[in-house]
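**Q** A predicted structure for the sequence below; I have some questions about it.
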Amino acid sequence: AKHSGRSQFHYFTSYMQELAQKRHVMLSDMHKAIKEGQFEVYYQPIVDTRSGKVVKAEALARWKHPKNGVISPAEFIPLAEESGLILEVGSWIYKTAVSQVAKWREEYDPEFKVSINKSPIQFKVSQTLDEWMSHIDESGIDGTSIILEITEGILMEEDELVKQKLMTFREKGIEVAIDDFGTGYSALSYLKKFDIDYLKIDKSFVDNVATSQQDKVLSEAMIAMAHKLDIQVIAEGVEDAEQKEILTNMGCDFIQGYIYSKPLPAKEFERVFLA
Ligand code: C2E
Ligand code: CA
Ligand code: CA
Ligand code: CA
């Protein structure tokens with residue numbers, strides 16, 4: 001038994017070494033990726049349940065690795081966050097998505113909006129916020145074209161600076177969405193302290209909305225609560241017609257998910273949904 005314990009330990013440490021090695025390689029690749037422009041922004045349509053029109057898109061990052069192919073953000077965003085590289089990558093994503101929406105507004109739909117994911121660290125580094133703000137001022141971008149997706153954690157912290165900055169964003173017309181709603185903290189008091197524009201019901205509820213009475217009741221309650229607080233609701237990860245119908249009947253305002261489309265490169269999104 002002792003023997004097998006030792007070999008398991010050996011196995012474990014070499015596994016850890018392998019992980020550390022992988023992480024190291026990925027980090028140095030990421031530095032290169034920033035310099036060589038290997039990142040791309042994909043767009044996934046968000047449909048208004050009343051008009052049936054695509055009125056917004058969520059910007060989702062992709063990394064086109066020259067050897068390993070397309071790497072999912074679920075893989076590289078956590079490492080980018082840990083290492084601080086998210087500041088550089090995030091700033092590029094932000095600028096790319098913001099100028100893309102300006103172009104789409106001019107060519108196709110003057111009210112189109114793009115929804116951009118923001119990591120907590122991007123909010124904590126005050127310089128980042130200043131940078132976004134001056135980018136908006138300098139480029140003459142209309143703030144109403146932007147939605148920032150944040151997670152509940154950001155608003156739970158007693159960080160006055162973050163709160164102030166968020167308010168300044170809103171003064172420019174930028175909207176705020178709570179991403180992955182219902183999966184994190186349970187306290188809801190922040191909803192009355194801030195002007196939130198949207199709640200995004202997490203996919204984990206949407207997945208079972210047709211099969212689980214509990215998830216159905218919870219989704220319904222989230223929608224009712226949001227509407228009473230004058231907040232609109234986006235359901236994410238909607239994959240089939242039944243889910244879409246149930247959520248629409250509950251009064252959900254917007255639907256996002258594979259039922260309409262996977263995230264697409266800008267050109268393709270434009271061709272399929274805007275042109
Ligand atoms: P998220 O913000 O919750 O984004 C939704 C994820 O669900 C996306 O995965 C999207 O492709 C996927 N999705 C949408 N509809 C469906 C569906 O019907 N079925 C299924 N199975 N999946 C669906 P993606 O693009 O891989 O992004 C994963 C996560 O990475 C995002 O989750 C977000 O947390 C993070 N992320 C992506 N882009 C950025 C970014 O630019 N900045 C930051 N900070 N995080 C990002
Ligand atoms: Ca999101
Ligand atoms: Ca989400
Ligand atoms: Ca999610």
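**A** Right, received. Where do you want to start? Ligands and ions are numbered 1, 2, ... in the order given.
**Q** alpha carbons only for contacts and neighbour counts from here, please
**A** Fine.
**Q** where does the protein come near ligand 1, residue by residue?
**A** 60-61, 72-74, 77, 90, 93, 117-119, 180, 236-239, 257-258, 263 (C-alpha under 6 Å from any ligand atom).
**Q** So which of those residues belong to strands?
**A** L60, A61, N117, D180 (DSSP state E).
**Q** Might one say that the third one is in contact with A59?
**A** To tie it back to what came earlier, the one meant is N117. Yes - shown here, N117 and A59 form a contact pair, counting by C-alpha atoms under 8 Å, at 7.3 Å.
**Q** So for these two, which residue has more residues nearby?
**A** More neighbours surround A59 than the other of N117 and A59, with 25 against 19 (other C-alpha atoms under 10 Å).
**Q** Now for the nearest residue to the more buried one once chain neighbours are set aside: which residues touch it?
**A** Nearest residue to A59 in three dimensions, chain neighbours excluded: Y43, at 4.8 Å (C-alpha to C-alpha, 6 or more residues apart in numbering). Residues near Y43 by C-alpha atoms under 8 Å, 6 or more residues apart in numbering: A57, E58, A59, L60, P263, L264, P265, A266, F269.
**Q** My reading is that Y43 lies in a strand. Confirm?
**A** Yes - applying DSSP: H, G, I helix; E, B strand; the rest coil, one finds Y43 inside a strand.
**Q** what are the bridge partners for it, then?
**A** A59, L264 (DSSP bridges).
**Q** any idea how far the most centrally placed residue in the chain is from ligand 3?
**A** Closest to where the C-alpha atoms of the chain average out (C-alpha atoms, centre = their mean) is N117, at 3.5 Å. Here N117 is placed at a distance of 9 Å from ligand 3 (C-alpha to the ion, to the nearest Å).
**Q** List the buried residues in the lengthiest helix in the chain.
**A** Using DSSP state H, we find that the single longest helix of the chain is helix 2-36. For helix 2-36, a neighbour-count test (16 or more other C-alpha atoms under 10 Å) marks M26, L27, M30, A33 as buried.
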